[in-house]
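K.L.:
Sequence plus predicted model, see below.
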Amino acid sequence: MQSTRAKAKKAGDKHYFTGKECAHGHTEKRYACDGACMQCARKKASKQAMANPEKRKALLAKWRGENKEHEKKYREEYAASGMAAIANKRYAEKNKEKKLEATREWRRNNPQKSYETTMRRSKARRLAVPKWFDSESVKCFYTAARMLRDMGFNYHVDHVIPITHNLVCGLHTPDNLQLLPAFDNLSKGNKFNIEGGI
Ligand SMILES: [Zn+2]
């Protein structure tokens, strides 16, 4: 490694190292082409990248398009080294709580969708969501409940006829939904009286 820019240029090197600090206090190699400190250049590049995420994406896509072989090889080597599995595991562990919280947050924001997903996943409950299911109307109940909750009234969306009961099977459809104050809903539980309807 040459110690001056002139020497580096003469030797055809891309970098040189003076051993002195740059104007920003970095003791780093410098570029022979313009004498810029490499640490400063990295900082500048990352700042620019942060300011232009779209441009960064486009550049990355372009680079990937031009370096498909390189990337493929890198991926293969990475996978073969077993590093990927370790990294994935570590990442999952580290983000377990984060992921859980994200899921909870999504459920809070999408109570109706969350409910439907649970329903569809559960084989026993799947019957309660018929094919002609009117998702938009059902959504209204959940929106209304949420609005009421935002206003300080704790309302739940309740199934008039319970959907999981040993005697009856109500549907998760608009005509089987009602808004109930949380207390009533909780005290009602899963009770159902065949003769009285409820
Ligand atoms: Zn610097």
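P.N.:
Received the coordinates, thanks. The structure presented is a predicted model; accordingly, all values stated were derived computationally and were not measured. Residues are numbered from 1 along each chain as shown.

K.L.:
How about the residues of this structure by the ion?
P.N.:
22, 24, 26, 37, 39-40 (C-beta under 5 Å from the ion). C-beta coordinates here come from the backbone N, C-alpha and C atoms, glycine included.

K.L.:
Buried subset of the residues you listed as a ChimeraX selection?
P.N.:
Here is the ChimeraX selection string for the buried members of the residues of the chain next to the ion, based on 16 or more other C-beta atoms under 10 Å:
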select :22,37,39,40
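
K.L.:
and the residue nearest the centre of the chain, backbone torsions?
P.N.:
Closest to where the C-alpha atoms of the chain average out (C-alpha atoms, centre = their mean) is Ala102, at 7.3 Å. Per-residue torsions, Ala102: phi -60, psi -40 (degrees, to the nearest 10).

K.L.:
do Thr27 as well
P.N.:
Torsion angles, degrees, to the nearest 10, at Thr27: phi -100, psi 90.

K.L.:
Around the residue nearest to it when sequence neighbours are not counted, how many other residues sit close by?
P.N.:
Leaving aside its sequence neighbours, Thr27 sits nearest to Glu21 (C-beta to C-beta, 6 or more residues apart in numbering; 5.5 Å). Residues near Glu21, counting by other C-beta atoms under 10 Å, number 11.

K.L.:
doesn't Glu21 fall inside a strand?
P.N.:
No - assignment of Glu21 by DSSP: H, G, I helix; E, B strand; the rest coil gives coil, placing it outside any strand.
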